[in-house]
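In: Coordinates only, no sequence provided:
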């Protein structure tokens, strides 16, 4: 069975096992694209930008239902529940854990810089460039944030 993971670049993958069959729900953080794999085979592909949705697929006479929702938008917490033929198999949640060292100074620098750019009447693309530069510097100096998937009891 593939491992569950969460990443800004690779997306979020929730991996389950139902009756000995690997079941995977994958979603993109950028495009809203989602894929469902049953037994390693792609069985569904769609796109959504909703914060709470349900997807069902029937494979081999078995209904696999996924309930997906944001539980905490500010912490990037996304929860995925798998229900197989009406029985809950498992619930997993992605959780963003930023590195603490340097995070506060990066946010403070971002706020001060945005205030300065705003008072100068800078165009929108300058604001976007500034945001990317601050976050890139933060990641270079202090390492990547940790994104984990945990089982919900």
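Out: Here it is on my side, so go on. In this text the structure is predicted, and so the values were computed from the model without any measurement. Numbering: from 1, shown residues only.
In: rest of the way, CA atoms for contacts and neighbours
Out: OK.
In: the bottom helix or strand of this structure by mean pLDDT?
Out: The weakest-scoring helix or strand in the chain, judged by mean pLDDT, DSSP states H and E, is helix 124-142 (a mean of 55).
In: So, low pLDDT: which residues of the chain?
Out: Within the chain, the segments meeting pLDDT under 70 span 1-2, 8, 73-76, 96-153.
In: redo that, cut-off 90
Out: Low-confidence segments of the chain (pLDDT under 90): 1-13, 19, 27-33, 47-53, 69-79, 93-153.
In: All the helices of it, residue numbers only.
Out: With helices called from DSSP state H, the chain shows them at 103-120, 124-142.
In: you'd agree residue 12 is up against residue 24?
Out: No - counting by C-alpha atoms under 8 Å, residue 12 does not reach residue 24; the two are 10.4 Å apart.
In: what does stretch 34-43 contact?
Out: Stretch 34-43 is contacted from outside by 21-28, 44-48, 57, 59, using C-alpha atoms under 8 Å, 6 or more residues apart in numbering.
In: farthest-separated two in those?
Out: Farthest apart among the contacts of stretch 34-43 by C-alpha to C-alpha are 21 and 48. That separation is 25.9 Å.
In: rewinding a little: out of the contacts of stretch 34-43, which sit inside strands?
Out: Judged by DSSP state E, the contacts of stretch 34-43 include 21-27, 44-47, 57, 59 as members of strands.
In: wait, which of those is closest to residue 72?
Out: residue 27 (16.8 Å).
In: domains for this structure, by residue range?
Out: Annotated domains of the chain cover 5-97, 103-143 [automatic domain parsing].
In: List buried residues within the contacts of stretch 34-43.
Out: 22, 23, 24, 25, 26, 27, 28, 57 (16 or more other C-alpha atoms under 10 Å).
In: right, and the last one touches residue 25 too?
Out: When you say that, I think you mean residue 57. No - counting by C-alpha under 8 Å, residue 57 sits too far from residue 25 to count as a contact (11.5 Å).
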